[in-house]
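>>> Could you work out the structure for the sequence below:
(one chain, ligands or ions: 1)
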Amino acid sequence: MNLDNLIQKCVASGQLSRDEILYLLNLDGDDDVARLLRAADDVRKAECGDAVQIRALVEISNTCARSCLYCGIRAPNKDIVRYRMPADEIVELAGELNKKGLKTIVMQSGEDPYYTAGIVADIVRRIKDSTQMAITLCFGERPEEDYRLWKQAGADRYLLRHETANRDLYAKLHPDSDFDHRMRCLYALREIGYQVGAGCMVGIPGQSVDNMADDIEFFRDFQPDMAGIGPYIPHPDTPFAGNPAGDVQMTLKMVALARIVTRNALLPATTAIGSIAEMGCEMALDAGADVVMPNYTPLKYRVHYEIYPNKRCITEDPAFDDLATRLQIQATNRRISNDPGHSRKLKISKTLADTQEGVPIPNLGI
Ligand code: 5AD
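Numbering: from 1, shown residues only. Below is the predicted model of the structure:
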């Protein structure tokens, strides 16, 4: 295969075959990898512009019914303090974030049955009534009726990482979850009208480069509105303790390829990549990413949302994480978006499209 031609194809159309994806994932010379990442950055510039979207992440509960082998908040882990944020506290925090100028709140939780469909719908409705923020939910696999109710209540987006697009690996990692069911959830969410986020981990035990190609093919074929890609990080209180973390360069290649095959999807520089590499977020922003998700979970809860150890900014004040995020954006010569950052894949009206450009905004400056 000829790298020059392939890089050209990445920039021009991104319609890569499985063999081409595998070839690019296997690049290992620093110069060759740099060319791939630069091609992704070019696609990002052309398809998405320079504005970086900021999402306020609030981890509302670390209680989880699942036993995913890699995750620190898995149900069998008895060594963590479990918490649930009360509805009033969530709504109040959303109001504060809105006042600070944040345009999207992402509420994330373990799969926690305490938050019934009705409780979540109520929280969504109250936030929607009192703020202008876009609402993203990340509550795992739920019945279709719940997804529908929350959409009607005003939720805009739903993140449900597919974790791995390889059926066999999926089964090994998730003793109590079914690959087909997860896929059905993703398609149902799209059908209901959400902007849908998928995503995967890189370097999870048992994952081959071939399996990673499955993820890129999935992104190419499903065309998610958003996709979160982060390195696996071992947690000591899981069956996977002692495994090595995912590789930074491989994670960057995955982000780059996701950008190349999805063209205009919203791709976060994930907390996980910022946690394993000093400049991880900046590197991801230079390899196709266009979203950052500062953590606004109140500190007393945040320290317990330990899906993996040494999460970036886990002990720091939210204001600090916010500032750090803004500095990172500045370091990459980009600017902060001042629109809600809706999917670029929506068939949007001209008026909404007109608001998608993003301009420098003084009130959020550092
Ligand atoms: N390392 C990296 N990412 C993890 N996640 C869960 N556990 C880990 C880990 N040990 C990711 C999963 C999940 C998201 C919230 O965090 O992809 O969907």
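>>> from here on, contacts and neighbour counts on C-alpha atoms
OK.
>>> Grab the nearest non-local neighbour of Glu59.
Gln108 (4.7 Å; C-alpha to C-alpha, 6 or more residues apart in numbering).
>>> Contact partners for that neighbour?
Leu57, Val58, Glu59, Ile60, Ser61, Leu137, Cys138, Phe139 (C-alpha atoms under 8 Å, 6 or more residues apart in numbering).
>>> beta partners of it?
On the basis of DSSP bridges, Gln108 is bridged to Glu59, Cys138.
>>> Need phi/psi at the most centrally placed residue in the chain.
Centroid check for the chain by C-alpha atoms, centre = their mean gives Gly228 as the closest residue, at 3.1 Å. Main-chain dihedrals, Gly228, degrees, to the nearest 10: phi -100, psi 130.
>>> ok, residues contacting the helix or strand where Ser275 lies?
Ser275 is part of helix 271-276, with elements assigned from DSSP states H and E. By C-alpha under 8 Å, 6+ apart, the surrounding residues in contact with helix 271-276 are 230-233, 248, 251, 280-281, 284, 293, 310-312.
>>> Can you tell me which of those is nearest Ala121?
Met293 (23.0 Å; C-alpha to C-alpha).
>>> ok, the residue lying closest to the closest one once chain neighbours are set aside - contacts?
The shortest distance from Met293 to any non-neighbouring residue, by C-alpha to C-alpha, 6+ apart, is to Arg55 (4.6 Å). Going by C-alpha under 8 Å, 6+ apart, Arg55 touches Leu102, Lys103, Thr104, Ile105, Val106, Val291, Val292, Met293, Pro294.
>>> What's the separation between Arg55 and Glu306?
20 Å (C-alpha to C-alpha, to the nearest Å).
>>> ok, now how distant is Gly230 from Gly341?
From Gly230 to Gly341 the distance is 21 Å (C-alpha to C-alpha).
>>> neighbour count winner among those two?
Gly230 (29 against 21; other C-alpha atoms under 10 Å).
>>> helix or strand right after the helix or strand containing that one?
Remark: Gly230 resides in strand 226-231, with elements defined by DSSP H and E. The helix or strand immediately downstream of strand 226-231 is helix 248-262, counting by DSSP H and E.
>>> Can I get that following helix in PDB? Just the C-alpha atoms.
In PDB, the C-alpha atoms belonging to helix 248-262 read as follows (Å, rounded to 0.1, in the frame of the first residue of the first chain):
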ATOM      1  CA  VAL A 248      -1.000   6.900  23.900                       C
ATOM      2  CA  GLN A 249       0.100   6.700  20.300                       C
ATOM      3  CA  MET A 250      -2.400   4.000  19.400                       C
ATOM      4  CA  THR A 251      -5.200   6.000  21.100                       C
ATOM      5  CA  LEU A 252      -4.200   9.000  19.000                       C
ATOM      6  CA  LYS A 253      -4.300   6.900  15.800                       C
ATOM      7  CA  MET A 254      -7.800   5.700  16.800                       C
ATOM      8  CA  VAL A 255      -9.000   9.300  17.400                       C
ATOM      9  CA  ALA A 256      -7.400  10.300  14.000                       C
ATOM     10  CA  LEU A 257      -9.100   7.400  12.100                       C
ATOM     11  CA  ALA A 258     -12.400   8.100  13.800                       C
ATOM     12  CA  ARG A 259     -12.200  11.700  12.600                       C
ATOM     13  CA  ILE A 260     -11.200  10.500   9.100                       C
ATOM     14  CA  VAL A 261     -14.100   8.100   8.700                       C
ATOM     15  CA  THR A 262     -16.800  10.100  10.400                       C
END
